[in-house]
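*Asks:* please work out how this folds:
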Amino acid sequence: MLRRLAIAVVALALLGGAAFWVLTAPKPLAAADIPDRPGDPARGELLFWAGGCVSCHAAPGAKGDDKLVLSGGEAIVSPFGTFHPPNISPDKTHGIGSWSTLDFVNAMKRGLGPGGEQLYPSFPYTSYQRMPIGDLVDLKAYLDTLPPSAADAPQHELPFPFSIRRGIGLWKLLYLDGETFEPDPAKSDEINRGAYLVEGPGHCNECHTPRNMLGALDYSHHLAGAPNPSGKGFVPNITGGKGGIGDWSAEDIANFLETGMTPDFDSVGGTMVEVQENMAHLPASDRAAIAAYLKDLPPLPRSDGGGN
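*Replies:* Predicted structure coming up:
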C-alpha cells in the first residue's frame, strides 16, 4: 500500500513538473515575422525618447550626454525585490550589441532573452508589446548608434520564489496577451496617436495604473494613480476624475510635458522629472496627441479614494 502511494506521489510530481515545464516554455517570434528592411534610426530616436529608455538604463546619476551611455545599474525597488536594469548599450559583450533584431523584438514583445530565458516584467514589455514590429526595428537601429559601455549592471536581488525565472512563463499566460496597438476608428488620428504613445512606448500605465497582488496592472483603475512601487508616495491620477487632472486643459498637459510647469506654476518633481525631460524631445504634435488622449479618457476617481 505504501509502495503504491509513493509511486502515485512520484508520478504526480513528475506530471506536475512536466506541466510546469510545458506551460512556462518560451514562445518567441520567428525570423519570418521581422520585416526585411534596415531600421530607420531617425524614427527610432523618437521612439527612444517616447519610451524613456534613459530613465532606467542610464548609469545612476548620469547627466547630459552621459545619459546616452546605457550601461544600466539603477535600482528599482518593488514588493518582489530589487531589480537592476541591464546594460543595453551596443557593447557586444556587456550590452546588446551581439543581439539580432529578432532577439530585440522578442525581448520587447515576448519578454524573452536571446537564449529564451524569461525576462522579469519590471522591464515593461506588457506595454512594449503594443508596439508594431516595424517600430521596434527602428528603435534597435537607433540604439545601435549609441556609445558602447563595458559596465556590468548588478544582478537582481530577489528572494525565493521570485528568483525562479521560469515561473514568469505562468505569469505571462495570465497577463501578456501579445496584442499590438490598433487605432480606434471612432477616434481622431490625434487621439489614436496619443493612445499609442501612452499605452505603448510611453508605458504610462506602468506607474500610473495600480497593480494586483501578482504585480499585474489593474485596468479597472486605468491611469487613475497608484502607490509608488518604492513605497514612498503616490503616483498621480492622470484621468479627469476626482484627484486627477480634470481641471487641466489639453494645452496645460502639453505645456507640462514640454516645460515641466503645471497650470499653477509649480514644477514637476520626483521620477516624473526624467519622464518630462524625455517628452520634451518629442515633436509638439506628439505632446499634443498625448494631451488629447488623456482628455478623452473616462474620468476615474483616484484609485485609492484620495484626492480632492
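*Asks:* domain ranges for this structure?
*Replies:* Following automatic domain parsing, one finds the domains of the chain at 29-175, 204-296.
*Asks:* columns mean neighbour count on top of those domains, output as CSV?
*Replies:* C-beta here means a position set from N, CA and C on the backbone, and glycine is covered the same way. CSV is the format used below for those (neighbours: other Cβ atoms under 10 Å):
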stretch, mean neighbour count
domain 29-175, 18
domain 204-296, 17
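*Asks:* dump these into TSV; add distance to residue 191 and mean pLDDT as well.
*Replies:* Formatted as TSV, the domains of the chain follow (distance: least, Cβ to Cβ, whole Å; pLDDT from 0 to 100):
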stretch	distance to residue 191	mean pLDDT
domain 29-175	15	92
domain 204-296	5	90
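*Asks:* between the ones you listed, which one is closest to residue 196.
*Replies:* Of all the domains of the chain, domain 29-175 sits nearest to residue 196, with 7.2 Å by Cβ to Cβ.
*Asks:* circling back to that earlier point, who wins for proximity to residue 187 among the domains of the chain?
*Replies:* domain 204-296 (7.1 Å).
*Asks:* end to end, how far does the closest one reach?
*Replies:* 15 Å (Cα to Cα, to the nearest Å).
*Asks:* now the closest residue to residue 156 other than its chain neighbours: how far from residue 157?
*Replies:* Closest residue to residue 156 apart from its sequence neighbours, by Cβ to Cβ, 6 or more residues apart in numbering: residue 83 at 5.1 Å. To residue 157, residue 83 is 8 Å away according to Cβ to Cβ, to the nearest Å.
*Asks:* residue 41 too?
*Replies:* 35 Å.
*Asks:* indicate which one of the domains of the chain is closest to residue 195.
*Replies:* Residue 195 sits nearest to domain 204-296 of all these, at 4.9 Å, using Cβ to Cβ.
*Asks:* quick one: the strands in the stretch 101-250 of the chain?
*Replies:* Taking DSSP state E, counting those that start in this stretch as the test, the strands found in the stretch 101-250 of the chain are 226-227, 234-235.
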